[in-house]
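[1] Need coordinates for the following:
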Amino acid sequence: QVQLVESGGGLVQAGESLRLSCVASVASGHSFSSYSMAWFRQTPAGEEREFVAGISQSGGTTYYQDSVKGRFTISRDNTKNTMYLQMDNLKPEDTAVYYCAAGPAIVTLTDGGGSWGQGTQVTVSS
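    A predicted model of the protein is given here:
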């Protein structure tokens, strides 16, 4: 029902910023604004994907992992079928592959359900 493509990753130094984008292609009869969205990341160690930030269908409610609060900002533009993650003051421990996900609720995504993109690599050097 929805296909997701992430972009915006890259190699930066600690303290710098990146802005990730996630563009959704939604099947006919469905609306981007009906999906809760979130960003997850997977570290180089290959551990389980961890929740980074989530946003409600309207964009009015946001959620963050404690380690990124005050540094990352999630947002969405329902007119462009796009979700963003503004990442400021990046740290080496933020290095990971970042994935966007869409589903009927945030809890669906944290349970591993929903639709997922292929990921974009973010590398932060010290």
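[2] Sketch out the low-pLDDT regions of the protein for me.
    Scanning the chain for pLDDT under 70 picks out no residues.
[3] Quick one: the strands in it, in order.
    Ranges of strands in the chain, per DSSP state E, are 2-7, 10-13, 18-26, 36-42, 50-55, 62-64, 72-77, 82-87, 96-103, 115-116, 120-125.
[4] okay, those strands in TSV with mean neighbour count next?
    (Each C-beta comes from the backbone N, C-alpha and C, glycine too.) Shown next, in TSV, are the strands of the chain (neighbours: other CB atoms under 10 Å):
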stretch	mean neighbour count
strand 2-7	18
strand 10-13	13
strand 18-26	19
strand 36-42	23
strand 50-55	20
strand 62-64	16
strand 72-77	18
strand 82-87	22
strand 96-103	24
strand 115-116	18
strand 120-125	17
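[5] can you redo those as a markdown table with distance to residue 109?
    Output for the strands of the chain, formatted as a markdown table (distance: least, CB to CB, whole Å):
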| stretch | distance to residue 109 |
| --- | --- |
| strand 2-7 | 11 |
| strand 10-13 | 25 |
| strand 18-26 | 12 |
| strand 36-42 | 5 |
| strand 50-55 | 7 |
| strand 62-64 | 11 |
| strand 72-77 | 13 |
| strand 82-87 | 12 |
| strand 96-103 | 5 |
| strand 115-116 | 9 |
| strand 120-125 | 17 |
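[6] which residues touch the residue most central in space within the chain?
    Per CA atoms, centre = their mean, the C-alpha nearest to the average position across the chain is that of residue 39, at 2.3 Å. Counting by CB atoms under 8 Å, 6 or more residues apart in numbering, residue 39 touches 20, 22, 52, 53, 54, 74, 83, 85, 98, 99, 100, 101.
[7] was I right about residue 97 contacting residue 117?
    No: with contact defined as CB atoms under 8 Å, residue 97 does not reach residue 117; the gap is 10.2 Å.
[8] if I look at these two, which residues touch both of them?
    Joint contacts of residue 97 and residue 117 (CB under 8 Å, 6+ apart) do not exist.
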